[in-house]
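**Student:** Requesting a structural model of the entry that follows:
(2 chains)
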2 protein chains.
Amino acid sequence: MNNWDARYATRANKMRASEVRELLKLLDQPDILSFAGGIPDPALFPKDAIRSAYDDHLGEGADTALQYSVSEGYKPLREWLVRHMASLGVACTIDNIIITTGSQQALDYLGKLFVSPGDTILTTWPTYLGALQAFNAYEPRYDRLIPEGGNMTPAAYRNNAQAAGGEVKLAYLTADFSNPTGETISRNDRVKLVDLAHELDIPLIEDAAYQALRFGGENVPSLLALDIEREGHIDRTRVIYSGSFSKTLTPGLRVGWVCAAQPVITKLVLIKQAADLHSPTINQMVIHHVAERHFDNQVAKARAHYRERRDHMLEALTRHMPAGVTWTKPEGGMFVWLTLPTDMDGAALLARSIEQIRVAFVPGSAFHADGSGRNTIRLNFSLPGADTIETGMSRLGALIASEMKADKKLAS
Amino acid sequence: MNNWDARYATRANKMRASEVRELLKLLDQPDILSFAGGIPDPALFPKDAIRSAYDDHLGEGADTALQYSVSEGYKPLREWLVRHMASLGVACTIDNIIITTGSQQALDYLGKLFVSPGDTILTTWPTYLGALQAFNAYEPRYDRLIPEGGNMTPAAYRNNAQAAGGEVKLAYLTADFSNPTGETISRNDRVKLVDLAHELDIPLIEDAAYQALRFGGENVPSLLALDIEREGHIDRTRVIYSGSFSKTLTPGLRVGWVCAAQPVITKLVLIKQAADLHSPTINQMVIHHVAERHFDNQVAKARAHYRERRDHMLEALTRHMPAGVTWTKPEGGMFVWLTLPTDMDGAALLARSIEQIRVAFVPGSAFHADGSGRNTIRLNFSLPGADTIETGMSRLGALIASEMKADKKLAS
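**Tutor:** As a prediction, the model looks like this:
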């Protein structure tokens, strides 16, 4: 007998498989109508461009494309990103940019850089599940941001953190079309978040994974752009911008980036060198090749495609959800967030939904650092087509209505 | 003014850029004869096979190749690795295997899994610099393994660790053709290491990055194979085998693997899911495609190629090094390890070598957890051709001889 499991008490017991992961295994069953995933529609992948980019870079330049390379990333891609960030109102140089293996890796490295056990991370309730998973490896506690006018004072956040035996070490959120709610933070509330980060003297991680996928409303400047406005130069900012090509070009190549003050990038380069040396050389070349030629077209295509699906989803919800259920009206991204009647449990609903109507989604409590939000669920609209959305919402609306009736009977 | 640098005191100050990295920047200068790197000869990369594998997988199957995938890795590649491990005397199933972004990532994740600040890691003096860098993020201390008959008792290692305020959490070493020394541990000493791991009840990480590159002497079973012999089943073993395609096929795709007891793999999958979701899908498919068709041929070619270079290196050393300098006679891998006279400093020698004779190598103290080994240097023979080796060793031998004379004069 061995005692691996006891040994692992150190860290990995804090990293149990999420229920969500277990649920997603169900999705292999072909008769399930799934609104659970958060993945792009492969119909949008620029397959031919990617194929010919690999072919190009594996010709004459193959020795470089297949060799070890530098931890900060492929220089022409970082140069392209300098121009891309400029188009978003962020003036920077290549020293403000590091390439990561998807934006998930940025969250892991930033947790590693900043967080010790017992420290406090500020984030919204709900927030991106993957961020909680990445940060949890560094054993933080969480305190709550309510950007739309509900944030506490810096002193209150500080006191809470000290009472818990640590310090406030970072804030994290998605400002545009967040995962899971699809909501966007206003310019005014963004300015206040940037101020809060400066007052608390902490980094503010801006997860910009969905930023390019706006298909309604007006652009709001990124937190990083607003911090540069405030401070006059990126190297004096507190915002750490985490970007990704996963939602615009393709996730399978695992290419993302961080744009931030140069001292942050310098430390991330050291961390990356120690953690995986560098992201795959050839993939960075291919993403650069394709971004340079097709980025704007791809984004335009994705916006039109997902706008149509969002519209289908909102119409189907209006048609099929009973009174007492509300939902967000996202101006971009991939998700709608449903609030069920207060006493209805999203996880219990999912179990019955899978069993009775073969419809899958993610229960909202998974996205809450404190496990609250039990009467919420996340619906994805980037992958299912119009018919699936119509059938799925019709079934789900009927199930929720019947649950509400049963609850009422029980109560009377 | 901001205080990023003060903020970073938490972790990143322990991750300063190594001198080595600074040195390697010099190597861009074209007139430097470099024996510093540790990279494969790109002349060996199976370029055409890789190019056509990308083309194949980006045809009909592109939707899968470019999409998100599972954290444990591409199943056909894990199945290939089960057969590969069987050929090395390791009976296992795909549940004993996870794909990593190079073997460097395995070291980071294993540090994250096992090590808390103040814990003890056992390793050889010298050891792989990248392992020290990966582990240092988790703030361990190190104690010394001397596999060739010099290990302490389990009780002594345990007492040292407790006196330092932690526990012995893992042991790490390279058994075959180590980086930096090129040396191989005997079967007898391997058995004792496996016994020690069981007595201490700790994981023993076997870094097998160079294992396939044997070009002399007789195969010695891996630590993992010996642990299976001892315990009867891989799921009862203590050895965590970390493998890589970087030295046999290509490093630029960043594909490695871990083979270990199933509970270890389960935890690593959770860590990987939280840290970067998964290694790039398409790269795993391509490595599988190429490994299935060309692995044995590639290994045969690499062995012949590096054997010739090792022979050139050993002959040149014999011809050019003055008495008082000794070196290892590796049966595989990429490195020879030189021991200079006791009072000669490898780092000072490098500075003069770059300046006076334009020859680069890595000073040995970088590979020592305690900074000792100042009179040692690492020479790479996988990249330089016969002429470079001859010229470089001729110059270096003359420089060392003149330093020895100067030292003698100073002493008399």
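**Student:** give me every residue that touches the residue nearest to residue A:199 when sequence neighbours are not counted.
**Tutor:** Excluding the flanking residues, the one nearest residue A:199 by CB to CB, 6 or more residues apart in numbering or on different chains is residue A:154, at 4.3 Å. (C-beta placed from N, C-alpha, C; glycine too.) Residue A:154 is in contact with A:196, A:199, A:200, counting by CB atoms under 8 Å, 6 or more residues apart in numbering or on different chains.
**Student:** do the same with residue A:106
**Tutor:** Per CB under 8 Å, 6+ apart, neighbours of residue A:106: A:100, A:242, A:256, A:257, A:258, A:268.
**Student:** same thing with residue A:176?
**Tutor:** Taking CB under 8 Å, 6+ apart as the test, what residue A:176 contacts is A:184, A:185, A:208, A:210, A:211, A:214, A:220, A:222, A:332, A:333.
**Student:** May I have stretch A:316-330 as CSV, with CA atoms only?
**Tutor:** Only the C-alpha atoms of stretch A:316-330 are listed here, as CSV (Å, rounded to 0.1, in the frame of the first residue of the first chain):
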residue,chain,number,x,y,z
ALA,A,316,-36.1,32.0,-27.5
LEU,A,317,-35.8,32.9,-23.8
THR,A,318,-38.5,35.6,-24.3
ARG,A,319,-40.7,33.1,-25.9
HIS,A,320,-40.2,30.2,-23.5
MET,A,321,-39.2,31.3,-20.0
PRO,A,322,-41.9,31.6,-17.4
ALA,A,323,-42.3,34.8,-15.4
GLY,A,324,-40.0,34.9,-12.5
VAL,A,325,-36.9,34.0,-14.6
THR,A,326,-34.6,36.9,-15.7
TRP,A,327,-31.5,37.0,-17.8
THR,A,328,-28.7,39.3,-19.1
LYS,A,329,-28.7,40.9,-22.5
PRO,A,330,-25.1,40.6,-23.6
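**Student:** ok, which stretches of chain A are helices?
**Tutor:** For chain A, helices defined by DSSP state H occupy the ranges A:4-7, A:19-25, A:47-57, A:62-65, A:75-87, A:102-114, A:129-136, A:154-163, A:187-200, A:223-231, A:262-275, A:281-320, A:346-356, A:386-411.
**Student:** Out of the ones you listed, the one nearest residue B:318 is which?
**Tutor:** Proximity to residue B:318 (CB to CB) singles out helix A:62-65 among those, at 31.8 Å.
**Student:** now for that closest one, which elements pack on it?
**Tutor:** Using 3 or more CB pairs under 8 Å, 6 or more residues apart in numbering or on different chains; DSSP states H and E, the elements in contact with helix A:62-65 are helix A:281-320, helix B:47-57.
**Student:** how does it look with 7 Å?
**Tutor:** Packing partners of helix A:62-65 (3 or more CB pairs under 7 Å, 6 or more residues apart in numbering or on different chains; DSSP states H and E): helix A:281-320.
**Student:** picking up where we left off before, looking at the contacts of residue A:154, which one is closest to residue A:312?
**Tutor:** Set against residue A:312, the nearest of the contacts of residue A:154 by CB to CB is residue A:196 (37.7 Å).
**Student:** pLDDT wise, what is the closest one at?
**Tutor:** We have a pLDDT of 98 for residue A:196.
**Student:** what two of the contacts of residue A:176 are the furthest from one another?
**Tutor:** Longest span within the contacts of residue A:176, CB to CB: A:222 and A:333, 14.8 Å.
**Student:** still on that earlier bit, of the contacts of residue A:176, just the buried ones, PyMOL syntax please.
**Tutor:** Of the contacts of residue A:176, the buried ones can be selected in PyMOL as follows, counting by 16 or more other CB atoms under 10 Å in any protein chain shown:
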select buried, chain A and resi 184+185+208+210+211+214+220+222+332+333
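**Student:** Make a markdown table out of the contacts of residue A:176 and add distance to chain B and pLDDT.
**Tutor:** What follows is the contacts of residue A:176, written out as a markdown table (distance: CB to the nearest CB, whole Å; pLDDT from 0 to 100):
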| residue | distance to chain B | pLDDT |
| --- | --- | --- |
| A:184 | 24 | 97 |
| A:185 | 23 | 98 |
| A:208 | 17 | 98 |
| A:210 | 15 | 97 |
| A:211 | 19 | 97 |
| A:214 | 22 | 97 |
| A:220 | 25 | 97 |
| A:222 | 19 | 98 |
| A:332 | 20 | 97 |
| A:333 | 16 | 97 |
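**Student:** Let me know the closest of the contacts of residue A:176 to residue B:204.
**Tutor:** residue A:208 (42.0 Å).
**Student:** Run through the residues that contact that closest one.
**Tutor:** A:176, A:222, A:241, A:242, A:243 (CB atoms under 7 Å, 6 or more residues apart in numbering or on different chains).
**Student:** Show the end-to-end separation of stretch A:349-369, please.
**Tutor:** Distance across stretch A:349-369, first residue to last, is 21 Å (CA to CA, to the nearest Å).
**Student:** Averaged pLDDT, it. What do you get?
**Tutor:** Average pLDDT, stretch A:349-369: 94.
**Student:** contacts for it?
**Tutor:** For stretch A:349-369, the surrounding residues in contact (CB under 7 Å, 6+ apart) are A:18-20, A:23, A:26-27, A:31-36, A:123, A:125-127, A:129, A:132, A:142, A:180, A:346-347, A:371-374, A:376-379, A:392, A:395-396, A:399, A:403.
**Student:** Could you pull out the buried residues of it?
**Tutor:** For stretch A:349-369, the neighbour count (16+ other CB under 10 Å) marks A:349-350, A:353-354, A:357-369 as buried.
**Student:** So residue A:203 sits against residue A:169, correct?
**Tutor:** No - contact between residue A:203 and residue A:169 fails when scored by CB atoms under 7 Å: they sit 8.1 Å apart.
**Student:** Quickly list what's touching both of the two.
**Tutor:** In contact with both residue A:203 and residue A:169: residue A:114, using CB under 7 Å, 6+ apart.
**Student:** Next to chain B in this structure, residues from the stretch 101-250 of chain A, please.
**Tutor:** By CB under 7 Å from any CB of the partner chain, the residues of the stretch 101-250 of chain A that approach chain B are A:101-102, A:104-105, A:108, A:112-114, A:116, A:133-134, A:137, A:201, A:236, A:250.
**Student:** most neighbours, which of those?
**Tutor:** Within these, most neighbours by other CB atoms under 10 Å in any protein chain shown means residue A:250, with 31 neighbours.
**Student:** who's in contact with the residue nearest to that one when sequence neighbours are not counted?
**Tutor:** Residue nearest to residue A:250 in three dimensions, not counting chain neighbours: residue B:66, with 4.3 Å by CB to CB, 6+ apart. Residue B:66 makes contacts with A:42, A:45, A:47, A:50, A:250, A:252, B:281, B:282, as judged by CB under 7 Å, 6+ apart.
**Student:** residues near the first one, how many?
**Tutor:** Spelled out, that is residue A:42. Neighbours around residue A:42, by other CB under 10 Å: 18.
**Student:** Skipping adjacent residues, who's closest to it in space?
**Tutor:** Distance criterion CB to CB, 6+ apart; nearest residue to residue A:42, sequence neighbours excluded, is residue B:63 at 3.9 Å.
**Student:** My read is that that neighbour contacts residue A:40, right?
**Tutor:** No - between residue B:63 and residue A:40 there is no contact under CB under 7 Å: 10.7 Å.
**Student:** what about those two, which has more around it?
**Tutor:** Shown here are residue B:63 and residue A:40; by other CB under 10 Å, residue A:40 has more neighbours (24 against 13).
**Student:** Tell me the confidence at that one?
**Tutor:** Per-residue confidence (pLDDT) for residue A:40: 95.
**Student:** was I right about it contacting residue A:382?
**Tutor:** Yes - the pair residue A:40 and residue A:382 passes the contact test of CB under 7 Å, sitting 6.0 Å apart.
**Student:** For the helices of chain A, state which one has the densest average packing.
**Tutor:** Highest mean neighbour count of the helices of chain A: helix A:102-114, a mean of 27 (counted as mean count of other CB atoms under 10 Å in any protein chain shown).
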